[in-house]
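> Take a look and give me a structure for this.
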Amino acid sequence: MSETKKQEVKKHPDVIVHCAAERRPDVVERHTEAAVNLNVHATSTLAKEAATCGALLIYISSDYVFDGRNPPYGEDDSPNPLNVYGRSKLEGERETLRHCPGAVVLRVPVLFGEVESVMESAVTSLWTKVETTESCTLDHCQQRFPTDTRDVAAVCRKLSERARQDPSIRGLFHFSGKEQMTKYEMAVSIAQAFNLPSHHLIPLTEQPAAAAALRPINSQLNCSRLELLDLSVTPRPFGTAVTDALWPFTPDKRWRQTVFH
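Numbers count the residues shown, from 1 in each chain. As a prediction, the model looks like this:
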């Protein structure tokens with residue numbers, strides 16, 4: 001059969017990586033119905049379609065399925081989300097595995113990477129605080145583990161390649177960056193990476209009352225299952241990775257945004 005004929009015969013994907021979600025907890029609290037439609041109902045539909053066509057489904061979930069009271073969390077630990085976002089992601093996990101038992105659920109923490117706008121990620125959005133000279137407070141309570149999306153993509157590739165050969169590769173997995181940082185510490189690290197001052201950044205050591213959604217204090221993920229199966233990657237250092245993400249937004253590089261975005 002010619003290559004053209006083969007392409008015509010094949011009408012379905014081998015692997016589906018489901019990344020779409022409303023990931024902003026405060027937005028989910030305010031617009032719950034729309035968020036649940038995306039995070040749960042759309043996930044359910046996609047899981048059914050993946051099962052029907054025989055595609056491997058990789059569902060990207062969140063460390064916010066845990067309450068943050070007893071880290072680190074392994075795949076066998078009981079979820080207990082504190083907010084609607086966490087509950088919606090947990091329900092998305094359950095719908096995925098209910099309709100597509102051979103699927104992979106990959107829980108990850110806060111992500112960052114190449115963006116068109118710095119506001120796309122809770123990590124890159126810190127650039128707006130760093131580059132100004134005005135004093136601003138930043139959370140110095142919640143422990144986060146910022147993770148480069150390129151590393152997550154590499155793990156998804158490893159999982160998909162292995163799972164298509166080995167049906168035991170299914171169910172829950174955890175992947176995370178290794179550096180524990182508050183938002184304040186991330187902002188200081190960004191300032192240092194770009195040789196910018198950080199004296200205007202003020203650590204806030206009490207939980208802000210204005211937030212609509214409760215956040216776990218420390219939802220660190222135990223990633224040993226991936227590591228034991230040789231399906232993990234070594235996370236990029238935060239300072240290096242965040243520099244790659246943010247350099248197009250520095251004053252002397254902004255003209256390049258039109259080239260890369």
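
> how about low-confidence regions in the stretch 101-250 of the chain?
For the stretch 101-250 of the chain, the stretches with pLDDT under 70 are 208-211.

> Now do the helices in it.
For the stretch 101-250 of the chain, the helices defined by DSSP state H, counting those that start in this stretch cover 127-130, 149-163, 183-193, 224-228, 238-246.

> can you list contacts of the fourth one?
Right, helix 224-228. Contacting residues not belonging to helix 224-228 are listed as 74-75, 155, 172-175, 232 [C-beta atoms under 8 Å, 6 or more residues apart in numbering]. Any C-beta I mention is one placed from the backbone N, CA and C, and that applies to glycine too.

> backbone phi and psi for residue 61, please?
With angles defined as degrees, to the nearest 10, residue 61 sits at phi -110, psi -160.

> Quick check, it in contact with residue 92.
Yes: Residue 61 lies in contact with residue 92 (C-beta atoms under 8 Å); the separation is 6.7 Å.

> Identify the bridge partners of residue 143.
Listed by DSSP bridges, the beta-bridge partners for residue 143 are residue 218.

> sorry, back to before: for residue 51, find the nearest of the helices of the stretch 101-250 of the chain.
helix 149-163 (14.2 Å; C-beta to C-beta).

> pLDDT averaged over stretch 70-89 - what is it?
Averaging pLDDT along stretch 70-89 gives 96.

> if we can go back for a sec, hmm, which two among the contacts of helix 224-228 are most spread apart?
Farthest pair in the contacts of helix 224-228 (C-beta to C-beta) is 74 and 155. Separation: 16.6 Å.

> Settle it for me: which of those two has more neighbours?
residue 155 (22 against 12; other C-beta atoms under 10 Å).

> What is the burial count for the residue nearest to residue 180 when sequence neighbours are not counted?
In space, and not counting its chain neighbours, residue 180 is closest to residue 143: 5.3 Å by C-beta to C-beta, 6 or more residues apart in numbering. Residue 143 sits with 17 neighbouring residues when counted by other C-beta under 10 Å.

> What ranges does the protein have for its strands?
15-18, 56-62, 104-108, 111-112, 136-139, 147-148, 171-174, 201-204 (DSSP state E).

> so what secondary structure elements neighbour the fourth one?
On a contact count with 3 or more C-beta pairs under 8 Å, 6 or more residues apart in numbering; DSSP states H and E, strand 111-112 meets strand 147-148, helix 149-163, helix 238-246.

> got the contact list for the residue minimising distance to the centre of the chain?
The chain has residue 111 as the residue nearest its centroid, 4.1 Å off, counting by C-alpha atoms, centre = their mean. The contact partners of residue 111, by C-beta under 8 Å, 6+ apart, come to 121, 123, 146-149, 152.
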